[in-house]
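Student: show me how the following folds:
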Amino acid sequence: MFSGFGSAMFGASQFAPMNSNFEDYFRSYPVAMMPDHIRKDDANYGGKIFLPSSALNKLTMLHIRYPMLFELSNEASGVTTHSGVLEFVAEEGRAYLPQWMMSTLQLSPGSLLKISNCDLPLGNFVKIEPQSVDFLDISDPKAVLENVLRNFSTLTVNDIIEINYNDSIFGIKVLEAKPESSSRGICVVETDLETDFAPPVGYVEPEYKPQAKKPTTNAIDPSSVNRSAGAGTMAKSLNYANLVAESSNPATKAFQGSGQSLSGKPTTEREQVKENHTIDDLDPDAEPVPLDLPSNQLFFGFPVVLPTPEESEEENANQASQDAFSGSGQSLRQSKKRKDKTSNHPSLKNHSRSPDYIEID
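Tutor: Numbering: from 1, shown residues only. Coordinates of the predicted model:
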């Protein structure tokens with residue numbers, strides 16, 4: 001009797017499968033329009049939204065795991081992004097979004113927004129592009145970005161997020177995110193994220209211009225040496241004009257040394273002319289001869305010719321006879337009883353002893 005009724009009312013094929021996904025429509029408003037008692041100024045520079053408490057009840061019944069991530073879609077313009085949730089304190093039927101998210105989704109206050117839960121892979125790399133050159137004024141941008149990303153749960157490619165640092169608002173565009181997925185978004189909660197910076201918009205790489213080194217001294221014209229004043233004495237004797245001409249062309253004297261082979265084989269050495277000269281052959285007005293020494297030799301001065309023992313003894317004897325007792329003595333302290341030598345009185349030291357008696361004729 002009730003077989004048909006039971007099969008129709010309680011048959012498994014008659015029940016529709018239960019939907020385990022959260023999906024709902026809300027009127028979107030910026031965070032700046034929240035009531036004052038629940039307004040969150042810091043939430044305007046993050047990646048999390050405010051939902052009503054009814055959404056929390058649905059999410060709890062569906063056993064949505066933490067962190068709760070959502071896909072936000074503007075079906076009118078076909079734009080999609082991702083976000084997390086900050087609090088469930090919004091009015092029923094409303095969702096409050098940061099201002100940059102309203103601009104990304106091309107929403108105006110009161111526009112209809114579709115919100116559904118989603119799963120995003122944990123991100124390991126993101127490449128961002130600052131939208132202003134002023135971002136370069138930050139001393140440590142990576143530390144600032146690490147602190148700012150704590151207010152974000154997701155990052156989506158092509159989104160331009162906004163951060164607040166030292167009362168200045170900076171726009172940052174997400175250029176690339178890894179691992180790649182069909183949703184083009186990643187989760188940045190409890191993950192090690194590597195960050196790469198692209199040049200800011202409007203940044204021009206400065207051109208490198210090597211600095212021209214100015215010579216410390218000006219080159220001397222060899223022709224002006226002979227015409228200068230006083231060039232007829234020392235300059236001519238040294239042939240200064242030719243020396244200046246040779247110094248201006250260093251290639252003439254480059255690599256004049258002898259070569260050495262790593263293999264130990266002998267190398268061709270230039271011929272060195274050795275001549276014996278005496279003192280009489282020296283010309284005081286001649287040019288100084290360059291000191292060219294063979295390899296592995298050092299110059300410690302000319303050889304010293306020592307005199308013979310006989311000559312040294314005669315010279316010492318003559319010098320000793322001339323210098324004997326030639327100096328005058330000096331006293332460190334003069335006696336007070338000593339009389340002045342310049343007085344006219346004769347000295348008493350040379351007088352003979354006075355006689356014992358005197359004869360008078």
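Student: quick one: end-to-end length of stretch 183-199, please.
Tutor: 26 Å (C-alpha to C-alpha, to the nearest Å).
Student: ok, and for that stretch, which residues are buried?
Tutor: 183, 184, 185, 186, 187, 188, 189, 193, 197 (16 or more other C-beta atoms under 10 Å). Backbone N, C-alpha and C define where each C-beta goes, glycine included.
Student: narrow the residues you listed to those in strands?
Tutor: Those of the buried residues of stretch 183-199 mapping onto strands are 185, 186, 187, 197, per DSSP state E.
Student: state the pLDDT value of the third one.
Tutor: The predicted local distance difference test score for residue 187 is 93.
Student: might one say that it is in contact with residue 70?
Tutor: No: using C-beta atoms under 8 Å, residue 187 is not in contact with residue 70, being 11.7 Å away.
Student: picking up where we left off before, could the ones in strands among the buried residues of stretch 183-199 go into JSON lines alongside distance to residue 110?
Tutor: JSON lines is the format used below for these (distance: C-beta to C-beta, whole Å):
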{"residue": "185", "distance to residue 110": "26"}
{"residue": "186", "distance to residue 110": "31"}
{"residue": "187", "distance to residue 110": "30"}
{"residue": "197", "distance to residue 110": "37"}
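Student: now, which of the residues you listed sits nearest residue 142?
Tutor: The closest of those to residue 142 turns out to be residue 197 (C-beta to C-beta; 8.1 Å).
Student: surely residue 75 and residue 116 touch.
Tutor: No: between residue 75 and residue 116 there is no contact, the gap being 11.6 Å when judged by C-beta under 8 Å.
Student: the helices in the stretch 51-200 of the chain, which residues?
Tutor: Here the stretch 51-200 of the chain has its helices, by DSSP state H, counting those that start in this stretch, at 53-61, 99-104, 141-148.
Student: so for residue 158, which of those helices sits nearest?
Tutor: Closest of those to residue 158 is helix 99-104, at 8.4 Å (criterion: C-beta to C-beta).
Student: mind checking the SS state of residue 203?
Tutor: What DSSP: H, G, I helix; E, B strand; the rest coil gives for residue 203 is coil.
Student: how much space separates it from residue 132?
Tutor: For residue 203, the distance to residue 132 equals 9 Å [C-beta to C-beta, to the nearest Å].
Student: quick one, what contacts residue 90?
Tutor: For residue 90, the contacting residues are 34, 50, 51, 52, 96, by C-beta atoms under 8 Å, 6 or more residues apart in numbering.
Student: model confidence over stretch 122-142, on average?
Tutor: Per-residue scores along stretch 122-142 average to 89.
Student: in that stretch, which residues are buried?
Tutor: 123, 126, 127, 128, 129, 130, 131, 132, 135, 138, 141.
Student: shared neighbours of residue 75 and residue 116, which are they?
Tutor: Common contacts of residue 75 and residue 116, defined by C-beta under 8 Å, 6+ apart, are absent altogether.
Student: pretty sure residue 319 sits in a strand.
Tutor: No: Residue 319 is assigned helix when assessed by three-state DSSP, not a strand.
Student: what's the separation between it and residue 313?
Tutor: Per C-beta to C-beta, residue 319 is found 11 Å from residue 313.
Student: give the contact list for residue 157.
Tutor: 174, 175, 176, 177, 184, 185.
Student: need the contact partners of stretch 200-207.
Tutor: By C-beta under 8 Å, 6+ apart, the surrounding residues in contact with stretch 200-207 are 129, 130, 131, 132, 133, 135, 136, 199.
Student: and which of the contacts of residue 157 is nearest residue 110?
Tutor: For the contacts of residue 157, the nearest to residue 110 is residue 185 (25.9 Å; C-beta to C-beta).
Student: who does that closest one bridge with?
Tutor: When assigned by DSSP bridges, residue 185 has beta-bridge partners residue 156.
Student: surely it and residue 120 touch.
Tutor: Yes: here residue 185 reaches residue 120: they are 5.0 Å apart, a contact under C-beta under 8 Å.
Student: any shared contact partners between those two?
Tutor: Contacts common to residue 185 and residue 120, judged by C-beta under 8 Å, 6+ apart, are 82, 154.
Student: domain parsing for the protein?
Tutor: Per the record, the chain has its domains at 23-117, 125-197, by the TED database.
Student: to residue 308, which of those lies closest?
Tutor: Closest approach to residue 308 among the domains of the chain (C-beta to C-beta): domain 125-197, 83.7 Å.
Student: and residue 43, helix, strand or coil?
Tutor: Look at residue 43: counting by three-state DSSP, its state is helix.
Student: sorry, back to before: mind putting the domains of the chain into JSON lines with distance to residue 301?
Tutor: As requested, the domains of the chain are arranged in JSON lines below (distance: least, C-beta to C-beta, whole Å):
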{"stretch": "domain 23-117", "distance to residue 301": "82"}
{"stretch": "domain 125-197", "distance to residue 301": "63"}
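Student: so for residue 303, which of those sits nearest?
Tutor: Of all those, domain 125-197 sits nearest to residue 303, with 70.0 Å by C-beta to C-beta.
Student: start to end distance for that closest one?
Tutor: Length of domain 125-197, first residue to last, C-alpha to C-alpha: 11 Å.
Student: low-confidence ranges in the stretch 151-300 of the chain?
Tutor: Counting by pLDDT under 70, the stretch 151-300 of the chain contains low-confidence ranges at 213-241, 244-259, 266-283, 289.
Student: can you show me the strands along the stretch 151-300 of the chain?
Tutor: Along the stretch 151-300 of the chain, counting by DSSP state E, counting those that start in this stretch, strands occupy 154-156, 160-165, 168-178, 185-187, 194-197.
Student: correction: the stretch 1-150 of the chain
Tutor: According to DSSP E, counting those that start in this stretch, the strands that the stretch 1-150 of the chain contains are 23-30, 48-52, 69-74, 79-90, 94-97, 111-118, 125-130.
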